[in-house]
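S.K.: What follows is a protein structure lacking sequence information:
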(Lines give C-alpha, C1' and ligand atoms only; values in the text may rest on other atoms or scores of the structure.)
Protein backbone atom coordinates (compact mmCIF):
# COMPACT_ATOMS: atom_id res chain seq x y z
CA UNK A 1 0.00 0.00 0.00
CA UNK A 2 1.37 3.41 -0.96
CA UNK A 3 -0.11 6.84 -0.21
CA UNK A 4 -0.11 8.87 -3.43
CA UNK A 5 -2.07 11.97 -2.45
CA UNK A 6 -3.40 13.55 0.74
CA UNK A 7 -5.24 16.87 0.91
CA UNK A 8 -7.98 18.40 3.03
CA UNK A 9 -10.57 16.81 0.73
CA UNK A 10 -9.10 13.56 -0.61
CA UNK A 11 -6.71 10.69 0.04
CA UNK A 12 -5.51 8.39 -2.74
CA UNK A 13 -3.79 5.10 -1.91
CA UNK A 14 -2.38 2.58 -4.39
CA UNK A 15 -2.91 -1.02 -3.30
CA UNK A 16 -0.95 -3.94 -4.72
CA UNK A 17 -3.42 -6.74 -4.06
CA UNK A 18 -1.20 -9.67 -4.98
CA UNK A 19 2.24 -8.21 -4.25
CA UNK A 20 4.57 -10.85 -2.87
CA UNK A 21 6.85 -10.24 0.04
CA UNK A 22 10.53 -10.23 -0.89
CA UNK A 23 11.17 -13.46 1.04
CA UNK A 24 8.24 -15.30 -0.56
CA UNK A 25 9.04 -17.87 -3.26
CA UNK A 26 8.08 -16.91 -6.79
CA UNK A 27 4.90 -18.63 -8.03
CA UNK A 28 5.46 -21.44 -10.52
CA UNK A 29 2.54 -20.25 -12.64
CA UNK A 30 2.56 -16.65 -13.93
CA UNK A 31 -0.04 -14.42 -12.31
CA UNK A 32 -1.74 -11.31 -13.62
CA UNK A 33 -0.61 -8.22 -11.80
CA UNK A 34 -3.47 -6.96 -9.65
CA UNK A 35 -3.54 -3.51 -8.25
CA UNK A 36 -6.02 -0.82 -7.52
CA UNK A 37 -6.57 2.61 -6.10
CA UNK A 38 -8.63 3.62 -3.11
CA UNK A 39 -9.96 7.18 -3.26
CA UNK A 40 -11.36 8.57 -0.02
CA UNK A 41 -13.55 11.65 -0.03
CA UNK A 42 -12.91 13.12 3.42
CA UNK A 43 -15.84 15.51 3.08
CA UNK A 44 -18.48 12.81 2.65
CA UNK A 45 -16.69 10.07 4.60
CA UNK A 46 -17.00 7.69 1.63
CA UNK A 47 -14.54 5.75 -0.47
CA UNK A 48 -14.33 4.08 -3.84
CA UNK A 49 -11.95 1.30 -4.88
CA UNK A 50 -10.84 1.29 -8.51
CA UNK A 51 -9.59 -1.96 -9.99
CA UNK A 52 -9.49 -3.59 -13.39
CA UNK A 53 -10.07 -1.21 -16.29
CA UNK A 54 -10.92 1.65 -13.89
CA UNK A 55 -7.51 1.23 -12.25
CA UNK A 56 -5.80 1.14 -15.64
CA UNK A 57 -7.49 4.39 -16.69
CA UNK A 58 -6.52 6.03 -13.40
CA UNK A 59 -2.93 4.78 -13.82
CA UNK A 60 -2.83 6.35 -17.28
CA UNK A 61 -3.92 9.66 -15.72
CA UNK A 62 -1.11 9.36 -13.15
CA UNK A 63 1.41 8.69 -15.92
CA UNK A 64 0.32 11.87 -17.72
CA UNK A 65 0.61 13.81 -14.46
CA UNK A 66 4.17 12.53 -14.00
CA UNK A 67 5.12 14.08 -17.34
CA UNK A 68 3.13 17.31 -16.87
CA UNK A 69 2.63 18.18 -13.22
CA UNK A 70 -0.99 19.26 -12.65
CA UNK A 71 -2.17 22.02 -10.37
CA UNK A 72 -3.83 21.02 -7.12
CA UNK A 73 -7.10 22.29 -8.57
CA UNK A 74 -6.76 19.91 -11.56
CA UNK A 75 -6.06 16.99 -9.24
CA UNK A 76 -9.00 17.85 -6.98
CA UNK A 77 -11.34 18.25 -9.98
CA UNK A 78 -10.33 14.82 -11.29
CA UNK A 79 -10.77 13.19 -7.88
CA UNK A 80 -14.14 14.89 -7.51
CA UNK A 81 -15.30 13.02 -10.61
CA UNK A 82 -14.24 9.68 -9.14
CA UNK A 83 -15.72 10.60 -5.75
CA UNK A 84 -19.16 10.65 -7.37
CA UNK A 85 -18.78 6.85 -7.59
CA UNK A 86 -18.11 6.56 -3.85
CA UNK A 87 -20.93 4.90 -1.96
CA UNK A 88 -19.01 2.89 0.63
CA UNK A 89 -18.63 4.44 4.08
CA UNK A 90 -15.01 4.61 5.23
CA UNK A 91 -13.95 1.56 7.23
CA UNK A 92 -10.72 0.99 9.10
CA UNK A 93 -8.52 -1.76 7.75
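M.R.: Now that the structure is in, tell me what you want to look at. This one's a predicted model, so the numbers in the text were calculated from it and none came from an experiment. Numbering: from 1, shown residues only.

S.K.: How about the backbone phi and psi for the residue positioned nearest the centre of the chain?
M.R.: For the chain, residue 37 is the residue whose C-alpha lies nearest the centre (C-alpha atoms, centre = their mean; 1.9 Å). Listed backbone geometry of residue 37 is phi -130, psi 130, with angles given as degrees, to the nearest 10.

S.K.: Next, work out how far apart it and residue 16 are.
M.R.: 11 Å (C-beta to C-beta, to the nearest Å). In this view, the C-beta of every residue, glycine as well, is placed from N, C-alpha and C.

S.K.: low-confidence ranges in this protein?
M.R.: 18-34, 91-93 (pLDDT under 70).

S.K.: At which residues are the strands of it located?
M.R.: For the chain, the strands defined by DSSP state E cover 2-6, 10-15, 36-41, 46-50, 88-89.

S.K.: what packs against the shortest one?
M.R.: Judged by 3 or more C-beta pairs under 8 Å, 6 or more residues apart in numbering; DSSP states H and E, the packing partners of strand 88-89 are strand 46-50.

S.K.: got the angle for the strand it packs on vs strand 10-15?
M.R.: Inter-element angle recorded for strand 46-50 and strand 10-15: 40 degrees (by axes from the mean of the first three to the mean of the last three C-alpha atoms, to 10 degrees).

S.K.: Name the residues of the longest helix belonging to the chain that are buried.
M.R.: Counting residues, the longest helix found in the chain (DSSP state H) is helix 52-67. Of the residues in helix 52-67, those with enough neighbours to count as buried (16 or more other C-beta atoms under 10 Å) are 55, 58.

S.K.: Report the angle between that helix and strand 36-41.
M.R.: For helix 52-67 and strand 36-41, the angle between their directions (the same axes, to 10 degrees) works out to 80 degrees.

S.K.: Strand 2-6 and helix 52-67, what's the angle between them?
M.R.: Orientation note: helix 52-67 sits at an angle of 70 degrees relative to strand 2-6 (the same axes, to 10 degrees).
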